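Asker: Curious how this folds, go ahead:
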Amino acid sequence: MSKLLSKAFDPVYNWVARRYQAVLARELKKYGLRYDDLYDDLYDLDVKEALRRLPEDEVDLRNQRLKRALDCSLKHVYLPKELQDKQTPFKPYLQDMLKLVKQERKEREALGSEVPYQRTIP
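Answerer: Reported below is the predicted structural model:
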């Protein structure tokens, strides 16, 4: 029964997913952001650790994108259309490192050892 329902609803689900992804890409391009920029390191300590492990230039680019987006938002303007066309909102830079950090954390929990970085939310 599950396969039948899956077969019936997969095309609808995929259509809705593509529409949502297009809308999200359009909104991220308006401010020059990438999807990985939306991860908040204050609420997820794995994200904080993954950002710490990234190369410094990648973190600097992320901070510049966030500052530009904040500036655009405060001024109630969007990036010019020619700059929006150059944006790549779904080009990941954090996903691989985040997977590695989460995998390490789960492995340490399974072994019963402590993590080498602070696990408290500020």
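
Asker: Just the helices from the chain, written as ranges.
Answerer: Ranges of helices within the chain are 2-31, 45-53, 56-75, 81-86, 95-111, based on DSSP state H.

Asker: looking at those helices, which is buried most?
Answerer: Stretch with highest mean neighbour count among the helices of the chain: helix 45-53 (a mean of 18; mean count of other CB atoms under 10 Å). For the C-beta atoms, the positions are set from N, CA and C on the backbone; glycine is no exception.

Asker: In terms of secondary structure, what does that helix contact?
Answerer: Contact analysis of helix 45-53 by 3 or more CB pairs under 8 Å, 6 or more residues apart in numbering; DSSP states H and E lists helix 95-111 as its packing neighbours.

Asker: Just want the angle from the helix it packs on to helix 56-75.
Answerer: If you take axes from the mean of the first three to the mean of the last three CA atoms, to 10 degrees, helix 95-111 sits at 110 degrees to helix 56-75.

Asker: Dump the C-alpha coordinates for helix 95-111 into CSV.
Answerer: What follows is helix 95-111, C-alpha atoms only, in CSV (Å, rounded to 0.1, in the frame of the first residue of the first chain):
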residue,chain,number,x,y,z
GLN,A,95,27.3,20.7,3.6
ASP,A,96,30.3,18.4,3.4
MET,A,97,31.9,19.7,6.5
LEU,A,98,28.6,19.8,8.4
LYS,A,99,28.0,16.1,7.6
LEU,A,100,31.5,15.3,8.8
VAL,A,101,31.0,17.1,12.1
LYS,A,102,27.6,15.4,12.7
GLN,A,103,29.1,12.0,11.9
GLU,A,104,32.0,12.6,14.3
ARG,A,105,29.6,13.7,17.0
LYS,A,106,27.4,10.6,16.6
GLU,A,107,30.5,8.4,16.6
ARG,A,108,31.8,10.0,19.8
GLU,A,109,28.3,9.6,21.4
ALA,A,110,28.3,5.9,20.4
LEU,A,111,31.7,5.4,22.0
